[in-house]
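Chemist: 3D, please:
(2 chains)
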Amino acid sequence: MELVVGVDVGNSTTEACLARVGDGAVTLLATALTRTTGVKGTPKNADGAVTAVRAALERAGVTPDALHRVLLNEATPVISGLAMETITETIITESTMIGHNPATPGGTGIGVGVTVAIGDVGDIADGPEGPVVVVVPPGWDFDDVAATLNAAVDTGVDLTAAILAGDDAVLVTNRLTRKVPVVDEVAAVEKVPLGMLSAVEVAPPGRTIRTLSNSYGLATVFGLDPQQTRQVAPVARALTGNRSAVVVRTPTGDVTDRRIPVGELTLRGEARTVRVDVDAGAEAIMDALARAQPLVDATGEPGTHVGGMLAQVRDTMTDITGQPASEIAIRDVLAVDTMVPAEVRGGLAGEVALENAVALAAMVRTDRSRMQAVADRVADELGTSAAVGGIEGAMAALGALTTPGVERPVAVLDLGGGSTDAALLDRDGACVAMHVAGAGELVTKLIDAELALDNRETAEHVKRHPLAKVESFYHLRHEDGTVQFVQEPLPPQVFARVVTLGADGPAPVPTRLNLDAIRRVRRKAKRRVFVVNALRALRQVAPRGDLRALDFVVLLGGSALDFEVPDMLADALAPFGVVCGTGNVHGTEGPRNAVASGLVMAYSEAAP
Amino acid sequence: MKERPEPPTIVVRHGGAPGPVLREVCAGAEEEGVPTRVEPSGTPADAAVLAHAAALASPLEVGVGIDADGTVAVHHASLPPGAPALALASGGDPPGWRRAGAVAARIVTGLPIA
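Modeler: Numbering: from 1, shown residues only, chains lettered A, B, ... in the order given. Take a look at the predicted model:
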């Protein structure tokens, strides 16, 4: 009988499996889990490995000197990187448009007139006749604004609308003798050109503007000819869906919707090289990739976005592996189309437009794993022998076999942070392993970008936890519609907010989007990364690339603990007649500890 | 003929509140579209106490309390009296008072207050 411990150093966690091995039988004694120290595959991992081993020994009540051997995994020889670029851009020139959505605009309807500063409105009666739109700078009190406007109307000024810097549209409108549409919270109101024809539109609550979001509406208001109408079409489009808007007609002002040249991606396969314009979108890129398979390297056109993106990935790889950038070959890419809200350049009120973006995950192979160095240090510290053994994928499959209800041939799908890894262990014990780019990190990045959170931590929360809407100080409605009453009042900062329900209680998601929209973004990101990659990876290990030839698929890795990804994958694989579910290693460990356990089992099988 | 019932309001109770504070608090609620009713309090009290009493008196269960120093509290009838939804120390500024009124209105309309 021998006492051995398998240790799996992962990207984020290090797991240990302590067992007694002899006569072809494995008796599990204890498992342990700790945080990985240092970057996976570097000597620093030894600290975490030793901690995990000690914890397992302690749990089993065994002293370190009884230990015969420590078995370490050979790290998956892939590292992945991410890059994202927006490929469209909306620019407003000469401050011609205000298309933001203040929470509380005033009045309703449309007003067309020449812009006049409120300070000059008293002089108008003697000046040019005609309708005016009054522009109010910050610092004006609502009573004074209303009084000034009422006085002007009394002297015969044809007031048609107002644009305010502060948040007082309702207050001002309530005090006006002549009700006109009022748009407020225009932060850069001083940039509104004066003496120009402009139109202000406010829709009734629950409605969106009708005239300024319609190209012919704009043509009617401003008397445009067909050529000019063609030019203002992007303005109309940019204002679609708003409750209020301002359009100022200046001689040269414009809104342009620019497509940024993204460049060409060159996919060099073993048999042929395929070029694809990244502009064409994710689907075209993935089609091109399928034609180029197996991929030898991917490069981007220098001086373009895609060139920059791949250079960024290569730089990260160089930092991690110490390999020169020229030696780094990209072996897989995953492209995902996404829509990213971005602040409009030249906007006056922090306007946001949805821009198209492409996210790329890339994966490189590395032969610079320094697991042997980790093993040496572990052996030193524990005073025992340590060995690096077994391909990670094969070990994971062996460990997954301890899941109740599973038999060979079994395929495992390890849903990690950077890459999605598949391995197939057949009846004879032969194993194939494949790795594809894109996993949990890409999901987080997509959520972060699409919700404009600009905070990885918050995006991670949205990814990991279900959502709820706080409906009062004492109850919240979960995303499935279930209502929960709480005994203690919920804190004011989450009142009426969409929250994530993590271990630390409800945390607000800082966005104006409603729960359904956030949920859609989250699920779409997971589906576009995990479902796409699961099918891609499994096809590469399945006999003849046929998913129907698979029997059991066991999900492993951190993302297998996700509250919805396993269901999505089971749904996606169901049509192929595959049994798919989250692993339960040893019937107790869930999707954890598969590789550590597999190391012990492989040792036992190899032992004489 | 039956008397028309008064529309529901947020109740603003104050123990001799400074005029500008009262004005801005009411403006904050008005901008959000929710009416207020101002009630001077007979006995001087702490803003949070005034606010909770005001919330209990409000058909909308939301009250604002302002004491003579210009301390402002926003309360909901269901909250513990000592834990208002918002508390502003005295010596605040007009945007802060305006926000307090907006917070009171947003508790009624179910919009985020932070």
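
Chemist: for the record, mean pLDDT for the helix or strand where B:A29 lies?
Modeler: For B:A29, the enclosing helix or strand under DSSP states H and E is helix B:19-31. Mean pLDDT, computed over helix B:19-31, is 96.

Chemist: do stretch A:178-186 as well
Modeler: 95.

Chemist: Also stretch A:398-418?
Modeler: Rounded mean pLDDT across stretch A:398-418 is 92.

Chemist: What of stretch A:14-30?
Modeler: 92.

Chemist: C-terminal to the helix holding B:A29, what's the next element?
Modeler: strand B:36-40.

Chemist: Off-centre distance for that next one?
Modeler: 8 Å (Cα atoms, centre = their mean, to the nearest Å).

Chemist: so what does the helix holding B:A29 touch, helix or strand wise?
Modeler: Applying 3 or more Cβ pairs under 8 Å, 6 or more residues apart in numbering or on different chains; DSSP states H and E, we find helix B:19-31 packed against helix A:169-175, strand B:10-14, strand B:36-40, strand B:62-66, helix B:94-109. Every residue, glycine included, has its C-beta placed from N, CA and C.

Chemist: now, of those, which is deepest in the fold?
Modeler: Sort those by mean neighbour count, taking mean count of other Cβ atoms under 10 Å in any protein chain shown, and strand B:62-66 sits at the top with a mean of 30.

Chemist: wait, does it contact chain A?
Modeler: No. Residues of strand B:62-66 are not located near chain A by Cβ under 8 Å from any Cβ of the partner chain, the shortest gap being 11.0 Å.

Chemist: partners of the helix or strand that that strand is followed by in the sheet?
Modeler: Counting by DSSP H and E, the element after strand B:62-66 in chain order, helix or strand, is strand B:72-76. Strand B:72-76 has these partner strands in its sheet, going by DSSP bridges: strand B:62-66 (antiparallel), strand B:86-88 (antiparallel).

Chemist: middle-most residue in the chain, spatially?
Modeler: No chain in the question, so chain A it is. In chain A, the residue lying closest to the centroid (Cα atoms, centre = their mean) is A:L446, at 1.9 Å.

Chemist: so that one sits in a helix?
Modeler: Yes. The assignment for A:L446 is a helix, going by DSSP: H, G, I helix; E, B strand; the rest coil.

Chemist: Show me what from chain B comes close to chain A.
Modeler: B:27, B:30-33, B:76, B:78-80, B:83, B:85-86, B:106-107, B:110-114.

Chemist: which among those end up buried?
Modeler: Buried positions within those, assessed by neighbour count (16 or more other Cβ atoms under 10 Å in any protein chain shown), are B:27, B:30-32, B:76, B:79, B:83, B:85-86, B:106-107, B:112-113.

Chemist: Residue of chain A nearest chain B, please.
Modeler: A:Q493 (4.0 Å; Cβ to the nearest Cβ).

Chemist: Which residue is the nearest non-sequential neighbour of the residue nearest to the centre of chain A?
Modeler: Spatial nearest neighbour of A:L446, excluding adjacent residues (Cβ to Cβ, 6 or more residues apart in numbering or on different chains): A:A525 at 3.9 Å.

Chemist: Show me the contact partners of stretch B:105-114.
Modeler: Residues outside stretch B:105-114 that contact it (Cβ atoms under 8 Å, 6 or more residues apart in numbering or on different chains): A:103, A:471-472, A:492-497, A:508, B:10, B:28-29, B:31-34, B:60, B:62, B:74, B:76, B:85-86, B:103.

Chemist: Go again with 6 Å.
Modeler: A:P492, A:Q493, A:F495, A:A496, A:R497, B:A29, B:E32, B:V34, B:L60, B:V62, B:H76, B:V103 (Cβ atoms under 6 Å, 6 or more residues apart in numbering or on different chains).

Chemist: Next: stretch A:566-586.
Modeler: A:28, A:399-400, A:402-403, A:527, A:531, A:534, A:547-548, A:550, A:552-556, A:560, A:590-591, A:593-594, A:597.

Chemist: picking up where we left off before, and A:L18, which of the helices and strands packed on helix B:19-31 is closest to it?
Modeler: helix B:94-109 (55.8 Å; Cβ to Cβ).

Chemist: what angle separates that closest one from strand B:10-14?
Modeler: Put simply, helix B:94-109 runs at 140 degrees to strand B:10-14, going by axes from the mean of the first three to the mean of the last three Cα atoms, to 10 degrees.

Chemist: Run through the residues that contact A:P466.
Modeler: A:E479, A:L501.

Chemist: now it: how far from A:P508?
Modeler: According to Cβ to Cβ, to the nearest Å, A:P466 and A:P508 sit 15 Å apart.
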